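[1] please find the sequence and the predicted model below.
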Amino acid sequence: MPERALVIVPTYNERENLPIIVPLVLDQDRRLEVLVIDDGSPDGTGELADALAAADGRVHVIHRSGKQGLGTAYRMGFGWAVEHGYDYVFEMDADGSHDPRHLPIFLKEIADADLVIGCRYYSHRVTVVNWPMTRLLLSYFANVYARVVTGLPLFDSTGGFKCYRCAVLAAVPLDRVKSNGYSFQIEMSFRAWKKGFRLKEIPITFTDRNLGESKMSRAIVYEAVWMVWLLRWWALWGRLG
């Protein structure tokens, strides 16, 4: 049976970006399919996703009632991917910050890894476009902080452009994953690493969105600050599951 890869794209008010991103993803490789998980976007993103799915059988849609967060969307998508027998599963933002042209590189690099992470700070080289300096510094040093506290051997543990072997998602107890903001990325990588899966980073160029509004908030930052200490504590006492 041919390999199948699912690109999970959580959305909330991404009507302008979605019809640009989805065709670009599908053009990269015939193995790629898209799962849009929409949190009841009031701007009609969900209805647009349905139209894209009706036009192409490689597009799938899950509708959720109300804004429930990034982490819960990905957990739902991971479960859906495992249930439907995909070989590889991607996380990818809907806002255009993740270039779909990187997808074939991920598929090549996953051949000798279990989780491939797109890195904005590969070997300390910054490849971020259009971010204000304050946000860039916050992100860079948040990753340094996470690496020091958890020991996770990644330059960019908060990045959201990733490719998993589906076996990783089947092995990680998704019902025990607690993060819902950007710390979700740290927690998933940490849990995969602690289970002995092979992690690999590859350099990507991250370009800030041109359309729509950022979902970053102080609550997301605060969650990441304390979550890394919880992960260290859970690992120390064997509570990761």
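    Cool, the structure landed. Values in this document were obtained by computation on a predicted structure and should not be read as measured data. Numbering: from 1, shown residues only.
[2] so what's residue 80 up against?
    35, 62 (CB atoms under 8 Å, 6 or more residues apart in numbering). C-beta coordinates here come from the backbone N, C-alpha and C atoms, glycine included.
[3] work out the gap between the one helix or strand it maps to and the centre of the chain.
    Taking DSSP states H and E as the definition, residue 80 sits inside helix 70-83. Offset of helix 70-83 from its chain centre (CA atoms, centre = their mean, to the nearest Å): 11 Å.
[4] kindly provide the whole-number mean pLDDT of it.
    For helix 70-83, mean pLDDT is 96.
[5] again with stretch 39-52
    Stretch 39-52 comes out at a mean pLDDT of 97.
[6] for that stretch, measure first residue to last.
    Distance between the two ends of stretch 39-52: 17 Å, counting by CA to CA, to the nearest Å.
[7] also stretch 153-162?
    15 Å.
[8] may I see the buried residues of that stretch?
    Across stretch 153-162, burial judged by 16 or more other CB atoms under 10 Å covers 154, 155, 156, 157, 158, 159, 160, 161, 162.
[9] mind checking which of those are in strands?
    Among the buried residues of stretch 153-162, DSSP state E puts residue 162 in strands.
[10] of the buried residues of stretch 153-162, which is the nearest to residue 27?
    If you rank the buried residues of stretch 153-162 by distance to residue 27 using CB to CB, residue 161 comes first, at 17.3 Å.
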